[in-house]
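1. Below are the sequence and a predicted model for it; my questions follow.
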Amino acid sequence: DGGITQSPKYLFRKEGQNVTLSCEQNLNHDAMYWYRQDPGQGLRLIYYSQIVNDFQKGDIAEGYSVSREKKESFPLTVTSAQKNPTAFYLCASSIDVGTAASEQYFGPGTRLTVT
Amino acid sequence: GQSLEQPSEVTAVEGAIVQINCTYQTSGFYGLSWYQQHDGGAPTFLSYNALDGLEETGRFSSFLSRSDSYGYLLLQELQMKDSASYFCAVRVTGGFKTIFGAGTRLFVKA
């Protein structure tokens, strides 16, 4: 089955520790995205990547880092510099269709709690 | 700046029709998309308007008016399972950056 997987579903960390969230897709999509969602709020873009070895900052990139060494993988590291990391993190992917927008396929999300 | 505005909550009765509005401020975008998200779940794509006008997909329809910087999602024959959050989103021209609205929580009552 094609889709996007994120692991783990729940993650607990102590303040001051870096943590890496996994995102893998087998849809052969070019573009991948990381969003943060806080309770009762919308999705805010952290980073996005159009092709391998290239990625761009979104609206709230501070305290986060990403890599895109393979087309199917786009891991997100939440660093200790992120002031309020507890949130629901969603990874998504989409086909590169040039100037036309295409739907984004989302993974099941990782709920990160930092204490 | 770039932003999308949606009502925070809408309540409707089972079997009724409900309209969720989205007004936006953005310098340029390819089209307006709508996503549904149930509590604790991932957003799923519902519809996309590249051009002005109405797009219909089963019980769901979506509308876009670029001249009015406005769009809406129309849900007909509401069912209890339609209770969820609905987000409008745009992909900004010149790249892959996508902006989402804060979402509208729809409550469907029996």
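-> Happy to help now that I have it. Residues are numbered from 1 along each chain as shown, chains lettered A, B, ... in the order given.

2. Reduced to three states, what does residue 90 come out as?
-> No chain specified, so I'll use chain A. strand (DSSP: H, G, I helix; E, B strand; the rest coil).

3. Which residues of chain A lie near chain B?
-> The interface of chain A toward chain B, taken as CB under 8 Å from any CB of the partner chain, is made up of A:31, A:33, A:35, A:40-45, A:48, A:50, A:56, A:58-59, A:90, A:92, A:94, A:96, A:99-101, A:103-109. From N, CA and C alone the C-beta is placed, and that goes for glycine too.

4. beta partners of residue 48?
-> As the question left the chain open, I've gone with chain A. In this structure, A:Tyr48 bridges to A:Tyr33, A:Gln56 when assessed by DSSP bridges.

5. wrong one, I was asking about chain B
-> According to DSSP bridges, beta-bridge pairing links B:Tyr48 with B:Ser33.

6. and it, how many residues sit next to it?
-> Residues near B:Tyr48, counting by other CB atoms under 10 Å in any protein chain shown, number 20.

7. nearest spatial neighbour of the residue nearest to the spatial centre of chain A, skipping sequence neighbours?
-> Nearest to the mean C-alpha position of chain A, counting by CA atoms, centre = their mean, stands A:Trp34 at 2.6 Å. In space, and not counting its chain neighbours, A:Trp34 is closest to A:Ile46: 4.3 Å by CB to CB, 6 or more residues apart in numbering or on different chains.

8. where does that neighbour land on pLDDT?
-> The model reports A:Ile46 with a pLDDT of 96.

9. which residues touch it?
-> A:34-36, A:58-61, A:64, A:66, A:76, A:89 (CB atoms under 8 Å, 6 or more residues apart in numbering or on different chains).

10. Okay, and it sits in which element?
-> Using DSSP states H and E, A:Ile46 maps to strand A:43-49.

11. Tell me where the chain is predicted with low confidence.
-> Unless you meant another one, I'm taking chain A. A:1, A:96-101 (pLDDT under 70).

12. Chain B, not that one
-> Looking at chain B by pLDDT under 70, you get B:1.

13. residues from it in reach of chain A?
-> B:29-31, B:33, B:35, B:41-45, B:48, B:50, B:87, B:89-91, B:93, B:95-103, B:105.

14. Mind checking which of those are in helices?
-> Among the residues of chain B next to chain A, no member is found in helices (DSSP state H).

15. Can you tell me, leaving aside adjacent residues, what's nearest to residue 54?
-> Went with chain A since none was named. A:Arg68 (6.7 Å).

16. not quite, I wanted chain B
-> B:Phe63 (5.0 Å).

17. Buried residues of whichever strand or helix holds the one you found, list them for me.
-> Secondary structure assignment for B:Phe63, by DSSP H and E: strand B:60-65. By neighbour count on 16 or more other CB atoms under 10 Å in any protein chain shown, the buried set for strand B:60-65 is B:60-64.

18. Adjacent strands (with direction) for it?
-> strand B:53-57 (antiparallel), strand B:70-75 (antiparallel).

19. And the first one, how far out from the chain middle?
-> With CA atoms, centre = their mean, to the nearest Å as the basis, strand B:53-57 stands 12 Å off its chain's centre.

20. hang on, the earlier thing: which of the residues of chain A next to chain B are buried, as a PyMOL select command?
-> Typed into PyMOL, the next command selects the buried ones out of the residues of chain A next to chain B (criterion: 16+ other CB under 10 Å):
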select buried, chain A and resi 31+33+35+42+43+44+45+48+58+90+92+94+101+103+104+105+106+107+108+109
